[in-house]
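>>> sequence first, then the predicted structure:
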Amino acid sequence: MDAVLRAEDVRREYGETVALDGVSLSVAAGEVFALVGPNGAGKTTLVRALTGTTAVDGAVSLFDSSPDAVENARLGVLPQSFSPPARLSARELLDYYAGLYDDPRDIESVLDDVGMTDSADTRYEDLSGGQQRRTCVGATLVNDPDLLVLDEPTTGIDPAGRRALWRLLEGLAAGGTTILLTTHYMAEAERLADRVGLLADGQLAAVGSPTDLVAEYGGRSRLEIETDADTTSLDGLDHTIDPHPTGIVVGDVSATEIGTVVDALERNAIDYGELAWRQPDLEDVYLTVTDESRSRDGIDGDRSLAETGRTTEVAQ
Ligand SMILES: Nc1ncnc2c1ncn2[C@@H]1O[C@H](COP(=O)(O)OP(=O)(O)OP(=O)(O)O)[C@@H](O)[C@H]1O
């Protein structure tokens with residue numbers, strides 16, 4: 001597939017701060033690519049570089065052109081901070097942005113897409129933060145762009161609204177729109193993205209499909225056991241056992257082995273409370289990769305297993 005968006009060895013410094021440190025990336029036509037990474041990792045700087053709103057060293061292209069040369073109608077960009085005229089209503093705002101294009105979409109359908117029909121006549125300044133964000137997302141859709149670049153599109157939007165926006169973006173992607181988004185919500189990246197790029201300290205530390213990243217960096221399933229016993233081994237059980245804030249954690253436990261662990265607890269007369277089985281997910285990948293990058297930079301990278309993973313409570 002053709003690349004819609006390319007970055008090669010992109011670098012950006014702000015004084016002493018290296019915001020981007022040699023990022024190379026290509027996003028194919030119709031692909032959804034999610035950029036994740038800690039605060040200050042360089043996501044917004046990369047988005048700004050790719051959309052031509054900040055100068056960088058290295059090469060950047062959209063549709064095989066320099067970002068500045070791309071026809072506006074092909075591109076929808078949602079900056080991280082966006083302050084449209086506050087006294088206009090959501091409908092007037094979208095109407096205003098639609099007026100910038102020769103062949104805009106019907107505004108009512110855009111309002112409907114972003115769940116703003118009922119509040120369409122409220123002034124922007126009187127909308128809630130989430131409604132403002134929805135309106136801003138709507139503004140990026142009025143020209144029916146081929147490429148959408150969204151910097152934290154769902155920040156401030158409530159869970160139901162976020163899911164509605166995910167469905168909207170999934171529909172756009174299914175229709176062939178290429179999407180680059182940044183997010184701090186790993187569930188969002190995991191659900192929407194064909195590929196995820198993990199940016200840490202201005203470098204792309206890992207890139208791949210959510211499934212591949214979880215397989216490579218997510219670690220194994222494990223069972224957390226609430227207990228006062230500080231045992232590090234259980235007779236008859238050949239698994240690693242480590243301390244955990246609320247008890248112990250047994251490593252590398254598949255779903256079918258949970259019963260074996262419970263049997264071992266009983267056999268060893270260990271009093272225990274709740275059991276939580278954790279499968280690795282993109283959040284584990286994020287924490288592992290950013291920990292590695294912090295450790296590489298000499299910052300203590302230890303983290304508690306309690307901070308990681310998807311939990312399934314296991315009935316006793
Ligand atoms: N205009 C600027 N002037 C000086 N430093 C800047 C500027 N823009 C960004 N930086 C610095 O560059 C680094 C990367 O910032 P950037 O906003 O790209 O991070 P980010 O990953 O988008 O963070 P967040 O998740 O908090 O939005 C940070 O250290 C930031 O302080």
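Yes, it's here. Numbers count the residues shown, from 1 in each chain.
>>> check the offset of stretch 158-171 from the chain's centre.
14 Å (CA atoms, centre = their mean, to the nearest Å).
>>> run the chain-centre distance for stretch 94-101.
How far stretch 94-101 lies from its chain's middle: 29 Å, per CA atoms, centre = their mean.
>>> next one: stretch 137-155
15 Å.
>>> any idea how far apart the tips of it sit?
11 Å (CA to CA, to the nearest Å).
>>> that one - what's its average pLDDT?
For stretch 137-155, mean pLDDT rounds to 95.
>>> can you pull the buried residues of it?
Buried positions in stretch 137-155, judged by neighbour count with 16 or more other CB atoms under 10 Å: 137-154. Heads up, the C-betas are built off the backbone N, CA and C, glycines and all.
>>> from those, which land in helices?
Among these, the members found in helices (DSSP state H) are 137-141.
>>> okay, Glu71 and Leu62: tell me how far apart.
10 Å (CB to CB, to the nearest Å).
>>> contacting residues for Asp228?
Contact analysis of Asp228 by CB atoms under 8 Å, 6 or more residues apart in numbering lists 247, 271.
>>> between Glu71 and Leu62, who's got more neighbours?
Leu62 (26 against 11; other CB atoms under 10 Å).
>>> roughly how far apart are the more buried one and Arg87?
Distance check for Leu62 against Arg87: by CB to CB, it reads 33 Å.
>>> pLDDT at the closest residue to the ligand within the stretch 51-200 of the chain, what is it?
Nearest to the ligand, among the residues of the stretch 51-200 of the chain, is Gln80, at 5.9 Å (CB to the nearest ligand atom). On pLDDT, Gln80 comes in at 90.
>>> for Gly236, same thing?
Taking Gly236 on its own, its pLDDT is 87.
>>> now it. Nearest residue, chain neighbours left out?
Ala264 (5.4 Å; CB to CB, 6 or more residues apart in numbering).
>>> before we move on, back to that, would TSV of the ones in helices among the buried residues of stretch 137-155 with distance to Asp103 be doable?
Formatted as TSV, those follow (distance: CB to CB, whole Å):
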residue	distance to Asp103
Val137	20
Gly138	17
Ala139	16
Thr140	16
Leu141	14
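>>> which one of those is nearest to Glu292?
Nearest to Glu292 among those: Val137, at 33.4 Å, using CB to CB.
>>> shouldn't the closest one be in contact with Leu150?
Yes. Here Val137 reaches Leu150: they are 7.1 Å apart, a contact under CB atoms under 8 Å.
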